[in-house]
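Asks: build me a model from this:
(chains A and B)
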Amino acid sequence: MGAPLIQARDITLVFKSKDREPVTALRDFDLEVGKGEFVSIVGPSGCGKSTFLNLLLGLIKPDSGEMKLDGAPITGPGQERAMVFQEFGLLPWRTVRANVELGLELKGVPSPERSARATELIKLVGLKDFERHYPHELSGGMKQRVGLARALATEPEVLLMDEPFAALDAQTRDLMQAELLQIWQQTKKTVLFVTHSIEEAAYLSDRVIVMTARPGRAKEALKIQLPRPRDYEMRLTPQFNELKSRIWDVLKEELTSRG
Amino acid sequence: MKIKEFFAEHRRLWLGLSSVLFVLAAWEMLLTYVFPLNPFFFTKPSLVAVAFKEQVIYGALWGDLAVSSKAFLWGFSFAVLLGIPLGALMGWRRTAGYTLDPFFTALYASPLVALAPLIIVVFGVGLFAKSVLVFALSVFPFIFNTFAGVRSTDRLLINVVRSFGGGEKDLYFKVILPSTLPYIVAGARIALGRGLVGIIVGEFYAASEGIGYAISRFGDTYRLPEMFASIFLLMITAVALTEGMRKLETVLAPWKTTQETR
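Replies: Numbering: from 1, shown residues only, chains lettered A, B, ... in the order given. Down below sits the predicted model:
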């Protein structure tokens, strides 16, 4: 696999606020992700897993530690990374198409190219008939497709996904997971996926990182050696269930240690 | 069947229309058959209609309306031009917000028409004084609604734009402005009503022309049908302006209006 694409070492981040005690969100967090790898992070609520994505995105800076992407330190938002947000983050005054074009627009991509790129991605996520709709006219699943298309439009190397399917109903979530896998296989992106769901993590990933309770550290990394392409039926195999219970065993201690 | 369908489809229109007609008819009947009308103290729709026709076709009401409109437009335009940037500034910069807030809140809360005599003493009778009064009344809804709009901008959307490398300018024009626009239009609707109060009160106090002056002049001389005719003309104008504002909202914020009708 060569040198890892993402390298985070000894990341510590403390949230300080005037009226409250400082909260250490992450302490000495280490993570390496290889190019093209699909890595999920699971952990108890508030362990800093979403915060870590925001660090990687470049929206916030760690108090100490270093983060590198392809060997270069991360100093702010950049072309190579794009985020899919849990609450979609679509601009309500923009149509599907205009939302997909947002990232390209902000990067100064000229209009004809933008439009061609958007057309392609809208098709990829199956929203061809909805490109003139506004977000409030879409279902949750469709909104997140727009979010995914918008992130992919800028052709990032790394896709950061912050509990992207948590706001969706169970069936839509299953559907979106399958589609994400398909898109991932087509586009060969490196994906860092934060989730609450052990099943989701096991189903999608090459590797699952379990984090400790706050302050978050990487507690254990589990390789998911299931054949690809994976399908829904795979989730019913004993092998899959065994993997799930292994992840659960690691995570459980963290949950119980907090009461 | 056809007729039934027609009524079902245009229910809002015919119900609204017939209720207005009913009230007018009841008013007319009451003062014709039940309490004979004393034209010094009240009037009835048929007389108002005649007066309206005369005043609007031959009379000076259009001229009065034009005079009032001019003052209104000046005052309202300055309210827009000053109110929106001030509100935006207060929303963006905490310091500005905290510093200006007590003054604006006090002024917004108090009935500023009380200032009419003062404004007339300072600026005299005429266009300028009236414009100032309209401005004073209508600027605050713009300030406070813009302020509220800017402050309630979704943090997530700010982060989205930043995550794609958007700078300060992108935040203003791609997130804050569009998300504030519906608040501004809503403020404009409130400002419209307050501005109209300003113009009428200004003309009640001191004026020699204008729709407010017409109302008070006809009232003083017991020409109630003409007075009502003036009031109706004012009402029609106000309704037209409010509806225009609503149309403007559908143009400026299509995502908002489709949301409401659903």
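
Asks: anything in the host helix or strand of residue B:244 near chain A?
Replies: Applying DSSP states H and E as the criterion places residue B:244 in helix B:224-252. No - using C-beta under 8 Å from any C-beta of the partner chain, helix B:224-252 stays clear of chain A, coming no nearer than 9.6 Å. For the C-beta atoms, the positions are set from N, CA and C on the backbone; glycine is no exception.

Asks: please, where are all the helices along chain A?
Replies: Assigned helices in chain A, in chain order: A:49-57, A:96-106, A:111-124, A:140-153, A:170-187, A:198-204, A:238-257 (criterion: DSSP state H).

Asks: ok, which of those helices comes nearest chain B?
Replies: With C-beta to the nearest C-beta as the measure, helix A:96-106 is the member of the helices of chain A nearest chain B (4.1 Å).

Asks: got the CA coordinates for that closest one in CSV?
Replies: The C-alpha trace of helix A:96-106 is given here as CSV (Å, rounded to 0.1, in the frame of the first residue of the first chain):
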residue,chain,number,x,y,z
VAL,A,96,-30.1,20.3,-6.5
ARG,A,97,-28.0,21.3,-9.4
ALA,A,98,-26.8,24.6,-7.9
ASN,A,99,-26.0,22.7,-4.6
VAL,A,100,-23.9,20.2,-6.5
GLU,A,101,-22.1,23.0,-8.2
LEU,A,102,-21.3,24.8,-4.9
GLY,A,103,-17.9,23.4,-4.3
LEU,A,104,-16.8,23.8,-7.9
GLU,A,105,-18.0,27.4,-7.8
LEU,A,106,-16.0,28.2,-4.7
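
Asks: is chain B within reach of that helix?
Replies: Yes - using C-beta under 8 Å from any C-beta, we find that helix A:96-106 touches chain B at A:102-103, A:106.

Asks: now that helix: mean pLDDT?
Replies: Helix A:96-106 comes out with an average pLDDT of 96.

Asks: how about residues contacting it?
Replies: With C-beta atoms under 8 Å, 6 or more residues apart in numbering or on different chains as the test, helix A:96-106 has contacts from A:82, A:90-91, A:94, A:113-115, A:117-118, A:121-122, A:127, A:130-135, A:138, A:146, A:149-151, A:153-154, B:160-161, B:164-166, B:170, B:174.

Asks: do the same with stretch B:147-157
Replies: A:85, A:87, A:89, A:91, B:87-88, B:90-92, B:97, B:175-176, B:179-184.

Asks: picking that back up, any chance of CSV for the helices of chain A, columns mean neighbour count?
Replies: Converted to CSV, those look like this (neighbours: other C-beta atoms under 10 Å in any protein chain shown):
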stretch, mean neighbour count
helix A:49-57, 23
helix A:96-106, 24
helix A:111-124, 16
helix A:140-153, 24
helix A:170-187, 16
helix A:198-204, 23
helix A:238-257, 15
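
Asks: what mean pLDDT does stretch B:245-262 get?
Replies: 72.

Asks: wait, residue A:66 touches residue A:29, no?
Replies: No - the pair residue A:66 and residue A:29 fails to qualify as a contact (C-beta atoms under 8 Å) at a distance of 11.4 Å.

Asks: any residues in contact with both of these two?
Replies: Counting by C-beta under 8 Å, 6+ apart, the contacts common to residue A:66 and residue A:29 are A:8, A:10-11.

Asks: tally of neighbours for the residue of the stretch 1-150 of chain B found nearest chain A?
Replies: Per C-beta to the nearest C-beta, residue B:149 is where the stretch 1-150 of chain B lies closest to chain A, at 12.5 Å. Other residues near residue B:149 number 25, with proximity taken as other C-beta atoms under 10 Å in any protein chain shown.

Asks: quick one: contacts for the most centrally placed residue in chain A?
Replies: With distances taken as C-alpha atoms, centre = their mean, the residue of chain A nearest its centroid is residue A:161 (1.6 Å). Contacts for residue A:161 (C-beta under 8 Å, 6+ apart) come out as A:53, A:83-84, A:191-194.

Asks: now residue A:146
Replies: A:88, A:90, A:96, A:99-100, A:125, A:127, A:135, A:138.

Asks: closest one of those to residue B:243?
Replies: The nearest member of the contacts of residue A:146 to residue B:243, counting by C-beta to C-beta, is residue A:135 at 28.0 Å.

Asks: where in the stretch 151-262 of chain B is pLDDT low?
Replies: Low-confidence segments of the stretch 151-262 of chain B, defined by pLDDT under 70: B:257-262.

Asks: what about the helices in it?
Replies: Counting by DSSP state H, counting those that start in this stretch, the stretch 151-262 of chain B has these helices, from start to end: B:155-163, B:168-170, B:177-205, B:211-220, B:224-252, B:254-261.

Asks: who are the contact partners of residue A:71?
Replies: By C-beta under 8 Å, 6+ apart, the neighbours of residue A:71 are residue A:3.

Asks: circling back to that earlier point, helix, strand, or coil at the residue of the stretch 1-150 of chain B closest to chain A?
Replies: helix (DSSP: H, G, I helix; E, B strand; the rest coil).

Asks: could you list the domains of chain B?
Replies: Domain segmentation of chain B under automatic domain parsing yields B:2-36, B:53-261.

Asks: for the ones you listed, which one sits closest to residue A:198?
Replies: domain B:53-261 (26.4 Å).

Asks: quick revisit: now the contacts of residue A:161 in CSV, with distance to residue A:37?
Replies: Formatted as CSV, the contacts of residue A:161 follow (distance: C-beta to C-beta, whole Å):
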residue, distance to residue A:37
A:53, 15
A:83, 17
A:84, 17
A:191, 8
A:192, 9
A:193, 11
A:194, 15
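
Asks: ok, those residues vs chain B, which is closest?
Replies: residue A:83 (5.3 Å).

Asks: for that closest one, which non-adjacent residue is closest in space?
Replies: Here the nearest residue to residue A:83 in space, its sequence neighbours aside, is residue A:160; by C-beta to C-beta, 6 or more residues apart in numbering or on different chains that works out to 4.5 Å.
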